[in-house]
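[1] give me the fold of what follows.
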Amino acid sequence: MSASGEFGRELTYPEVGASLRAFRGEAPLPSGYRHLRVESEPGSGDTVFEVAAARLLSWDMHRGAGIHVPADTPAAAAGLDVRLGFGLGPVRATAPCRVIEVFDTGRQRGFTYGTLDGHPESGEETFVVERTADGRVRGTVIAFSRPARWYTRLAGPVGHMLQRRIARRYLAALTA
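    Now for the predicted structure:
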């Protein structure tokens, strides 16, 4: 994607779409990045699926995980730039991202976003809510990233641990 979007920024990595291709089993996650895949099963049935998918696409999953998403942010849509926020107390960071793709296959709904300049990391994340053949609902976060700022490089493995923790919180927030 070469468009600069609302924030006038470019994506910070060349492997656009790689996390969704990896989720679909079409290709491995790209080398040179930390890889993350976290899954959970929040329940089963159509109602759980619909609620989880709605929370995902409306950013309520992010909000429920403690990530700040501006109240006027529209539902996830391809090309949408969003400025996420996180931190503790007075120590805050912003994480500008661009939604790359939104998908709905009937049994899978989700979206992929990539990092824009100014994000603490460089990479991509795909979020999926899936209804299995036997009616179970599965949430998946799959990502590749590497530090893009001095403070994320300094954090080293702690940064990856925090990313995994946030991914688990995202999935817990699908039905909260």
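
[2] what residues sit buried inside the longest strand along the chain?
    As assigned by DSSP state E, the longest strand anywhere in the chain is strand 91-104. Of all the residues in strand 91-104, those buried under the rule 16 or more other Cβ atoms under 10 Å are 95, 96, 97, 98, 99, 100, 101, 102. From N, CA and C alone the C-beta is placed, and that goes for glycine too.

[3] residues touching the last one, list them.
    So that's residue 102. Residues near residue 102 by Cβ atoms under 8 Å, 6 or more residues apart in numbering: 57, 76, 77, 78, 110, 111.

[4] I'd like those laid out as JSON lines, including pLDDT.
    JSON lines is the format used below for the contacts of residue 102 (pLDDT from 0 to 100):
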{"residue": "57", "pLDDT": "98"}
{"residue": "76", "pLDDT": "97"}
{"residue": "77", "pLDDT": "97"}
{"residue": "78", "pLDDT": "97"}
{"residue": "110", "pLDDT": "98"}
{"residue": "111", "pLDDT": "98"}
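
[5] so the most centrally placed residue in the chain: helix, strand or coil?
    Nearest residue to the geometric centre of the chain (Cα atoms, centre = their mean): residue 125, 4.1 Å. State at residue 125, reduced to three classes by DSSP: H, G, I helix; E, B strand; the rest coil: strand.
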